[in-house]
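Novice: got a predicted structure plus its sequence, pasted below:
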Amino acid sequence: MPKLTFITAQGESRDVVGRVGDSVMDAGVRNVVPGMFGLCGGALVCVTCHVYVDSDTLAHCAPPEEFELEMLDGTMSERLENSRLSCQIPITDELDGGTFHVPEKNY
């Protein structure tokens, strides 16, 4: 199972094990990563699973679809080029070792 690293807004590193086929949000919420809320449960109707994807990891993620890009306009933290909604990133074997930064404000 792929290992993912979450870096909290306070700089704490949290390694979690994700299940292939689940989303990055699922792994973060299931492992109680601070700042990962996923209030809509992955239905793509909120932005509480916003993350900044590490540049090396981003290469292993499918590009975001148009609706995700529109939803990212509503984030509380600054939207960056590597901003993603973690509910829209499926965990694959290629994400093993991937790093995701949780922004300060994620609600």
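Specialist: Nice, thanks for sending it over. Predicted model only: the values in this text are computed from it and were never measured.
Novice: make it CA atoms for all contacts and neighbour counts henceforth
Specialist: Will do.
Novice: which positions within stretch 2-19 qualify as buried?
Specialist: Neighbour-count burial for stretch 2-19 flags 2-8, 14-19 (criterion: 16 or more other Cα atoms under 10 Å).
Novice: same question but for stretch 65-73, I mixed them up
Specialist: Buried residues in stretch 65-73, counted by 16+ other Cα under 10 Å: 68, 71, 72.
Novice: for stretch 81-93, same thing?
Specialist: Those would be 83, 84, 85, 86, 87, 88, 89, 90, 91, 92, for stretch 81-93 by 16+ other Cα under 10 Å.
Novice: which stretches of this protein form helices?
Specialist: For the chain, the helices defined by DSSP state H occupy 24-30, 55-58, 66-72.
Novice: JSON lines for the ones you listed, including mean pLDDT and distance to residue 105?
Specialist: What follows is the helices of the chain, written out as JSON lines (pLDDT from 0 to 100; distance: least, Cα to Cα, whole Å):
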{"stretch": "helix 24-30", "mean pLDDT": "97", "distance to residue 105": "16"}
{"stretch": "helix 55-58", "mean pLDDT": "96", "distance to residue 105": "21"}
{"stretch": "helix 66-72", "mean pLDDT": "96", "distance to residue 105": "13"}
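Novice: among the buried residues of stretch 2-19, name the ones in strands.
Specialist: The strands, defined by DSSP state E, take in 3, 4, 5, 6, 7, 14, 15, 16, 17 from the buried residues of stretch 2-19.
Novice: any idea how far residue 41 is from the first one?
Specialist: Here residue 3 is placed at a distance of 21 Å from residue 41 (Cα to Cα, to the nearest Å).
Novice: cool, the third one as well?
Specialist: Applying Cα to Cα, one obtains 20 Å for the distance of residue 5 from residue 41.
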